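Enquirer: My questions concern the predicted model and sequence given below.
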Amino acid sequence: MDDGIRLSRLMAQQGLCSRREADRLISAGEVLVDGRVVNQLGSRVHPLAKIQLSSQAQQQRASLATVLLHKPPGVVSNQPEKGYPEAVSLITRNNRADAGVQRQMPIPKARSLHVAGRLDIDSAGLLVLTQDGTVARTLIGPDSRIEKEYHVGVEGDITPAAIEQLRSGLILDGRPLRPARITHARPGQLEFVLKEGRKRQIRRMCELVDLSVRTLVRVRIGRVLLGQLRRSQWRHLANGEVFCWPVCTHSPDLCFSRLIPRRPIDSPSRPSGYSGVSIPLINMLPTYAGDHCRQFPSKLWALLSQIP
């Protein structure tokens with residue numbers, strides 16, 4: 001279809017793989033679109049087409065490990081420093097916190113894992129190590145907008161003016177920072193939600209408003225939480241656990257605000273832009289902003305299409 005989207009691009013948007021890997025899979029006949037094999041490079045498909053990988057390709061992807069580590073202070077993320085252990089050295093049997101089916105998964109070789117979003121040596125919290133290039137690009141690629149949440153203990157006077165500056169009024173390295181969500185959680189404690197990760201960003205932000213950081217713990221990356229992992233413990237990313245809903249940038253005519261049937265809802269809590277979907281369905285939808293929509297599982301689309 002001439003007015004569709006390139007299959008390789010759609011696969012990358014859905015987080016299946018990179019465009020280069022998509023082209024390789026398409027050429028090898030490992031991609032099915034609405035149940036039919038597509039092996040022609042440059043093929044265009046409907047943006048809501050159901051895309052599947054062959055069983056062989058799925059097995060290859062499934063074999064790529066991604067692990068979540070609670071990095072303690074004093075451990076370097078990925079650049080060796082004399083006298084300090086590396087994060088990958090903690091991926092051992094004794095530190096494993098997997099449960100259930102994940103317990104049967106093999107422990108990945110430490111040197112095959114790559115850090116996707118480092119933490120400073122003095123910081124602690126959720127650290128992602130992966131063999132999967134798609135995961136790495138999602139978290140630290142140049143276009144990444146994945147939220148990262150931090151709990152930060154500070155010393156100094158936390159004023160409303162300081163919080164406002166932290167949210168939107170600072171410049172680092174000659175470039176303005178993206179807007180951040182900052183919450184004064186309790187005395188001496190701030191919560192940061194950022195969509196970028198410059199070198200020692202939070203510590204430098206705090207210094208600019210006369211605050212000094214005592215403790216810094218990353219508690220969330222996208223939809224994945226640090227949870228109950230204790231320091232130095234690690235676990236596999238669970239089946240179905242994702243950092244984000246893949247974002248697409250279709251024309252406005254293909255955004256959910258146009259595709260979802262509209263019907264009035266008498267609820268003050270409904271999200272703006274979802275005025276036509278019942279509350280139970282709204283709770284199933286990922287959030288979205290502006291003209292960006294998010295790819296839906298095909299079964300959910302089928303459910304939505306039945307709304308009168």
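Expert: Cool, got the structure. Residues are numbered from 1 along each chain as shown.
Enquirer: My guess is residue 6 contacts residue 47. True?
Expert: No - under the criterion of CB atoms under 8 Å, residue 6 lies out of contact with residue 47, with a separation of 10.6 Å. Every C-beta, even on glycine, is put in place using the N, C-alpha and C of the backbone.
Enquirer: Below-threshold pLDDT in the protein: ranges please.
Expert: Confidence mapping of the chain against pLDDT under 70 gives the ranges 1-2, 245-308.
Enquirer: Which residue lies nearest the spatial centre of it?
Expert: If you average the C-alpha coordinates of the chain and look for the closest C-alpha using CA atoms, centre = their mean, you land on residue 243, 3.2 Å from that point.
Enquirer: Skip the chain neighbours and tell me the closest residue to that one.
Expert: residue 222 (3.6 Å; CB to CB, 6 or more residues apart in numbering).
Enquirer: how about the one you found, phi and psi?
Expert: Torsion angles at residue 222 (phi, psi; degrees, to the nearest 10) stand at phi 60, psi -120.
Enquirer: Please tell me I have it right and it contacts residue 237.
Expert: No - assessed by CB under 8 Å, residue 222 is found out of contact with residue 237, at 11.4 Å.
Enquirer: Quick check: the gap between residue 173 and residue 200.
Expert: For residue 173, the distance to residue 200 equals 11 Å [CB to CB, to the nearest Å].
Enquirer: do residue 12 as well
Expert: 31 Å.
Enquirer: now swap in residue 44 and tell me
Expert: For residue 44, the distance to residue 200 equals 44 Å [CB to CB].
Enquirer: just residue 13 next, same as before
Expert: Between residue 13 and residue 200 the computed distance is 32 Å (CB to CB).
Enquirer: show me where the stretch 1-150 of the chain has strands.
Expert: Under the criterion DSSP state E, counting those that start in this stretch, the stretch 1-150 of the chain contains strands at 5-6, 31-33, 36-37, 44-45, 51-53, 66-71, 114-115, 124-130, 148-155.
Enquirer: what ranges do the helices span in the stretch 151-300 of the chain?
Expert: 160-168, 201-208, 256-259, 279-282, 298-304 (DSSP state H, counting those that start in this stretch).
Enquirer: Of residue 173 and residue 200, which one has the most company?
Expert: Set side by side, residue 173 and residue 200 show more neighbours around residue 200, with 15 against 9, by other CB atoms under 10 Å.
Enquirer: Give the closest residue to residue 44 in space, chain neighbours not counted.
Expert: Taking CB to CB, 6+ apart as the measure, residue 44 lies nearest to residue 4, with 3.8 Å between them; neighbours along the chain are not counted.
Enquirer: burial count for the nearest residue to residue 238 once chain neighbours are set aside?
Expert: Spatial nearest neighbour of residue 238, excluding adjacent residues (CB to CB, 6+ apart): residue 102 at 6.3 Å. The burial metric for residue 102, expressed as a neighbour count using other CB under 10 Å, is 14.
Enquirer: Likewise for residue 160?
Expert: With neighbours defined by other CB under 10 Å, the count for residue 160 comes to 8.
Enquirer: now residue 68
Expert: When counting by other CB under 10 Å, one arrives at 23 neighbours for residue 68.
Enquirer: is it possible to export the strands of the stretch 1-150 of the chain to CSV including distance to residue 228?
Expert: Compiled in CSV, these are given as follows (distance: least, CB to CB, whole Å):
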stretch, distance to residue 228
strand 5-6, 40
strand 31-33, 38
strand 36-37, 43
strand 44-45, 41
strand 51-53, 32
strand 66-71, 9
strand 114-115, 22
strand 124-130, 12
strand 148-155, 15
